[in-house]
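K.L.:
coords please:
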Amino acid sequence: MTAETIRSALKMDPFRPFAINTMDGRSTRVDRPEMLTCPGVDVVRVDLGDGHTQTIALDSIVSLSFRAPRR
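P.N.:
Down below sits the predicted model:
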C-alpha cells in the first residue's frame, strides 16, 4: 500500500468510511478523514479517540475496505 492510495481515500468527495486491513488480520476503522494522517511515506497514524493513536506501517496494509454508502 502506498501513502498516495491512503491520501486518495481520504480525499473522496463525499468521504466514505473505510477500514485499514493489515497482514496480521487486524482491521482499523477510519470513520472521518480527520482521524487519519500520513506523517511520512512509510506509516499512517489513526486517532482512535481518548488520546489514543495507532501507527500502522504501510507495508503491513493489505487492503482498504469501504462501507457501502447510505441510502
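K.L.:
any idea how far D42 is from the residue positioned nearest the centre of the chain?
P.N.:
In the chain, the residue lying closest to the centroid (CA atoms, centre = their mean) is I20, at 4.9 Å. Separation of I20 from D42 (CB to CB, to the nearest Å) stands at 14 Å. (Each C-beta comes from the backbone N, C-alpha and C, glycine too.)
K.L.:
you'd agree L64 is up against R16?
P.N.:
No: in this structure L64 lies outside contact range of R16 using CB atoms under 8 Å: 9.8 Å.
K.L.:
which neighbours do those two share?
P.N.:
A9 (CB atoms under 8 Å, 6 or more residues apart in numbering).
K.L.:
residues touching the residue nearest to the centre of the chain, list them.
P.N.:
By CB under 8 Å, 6+ apart, I20 lies in contact with 6, 27-28, 30, 44, 46, 56, 61, 64.
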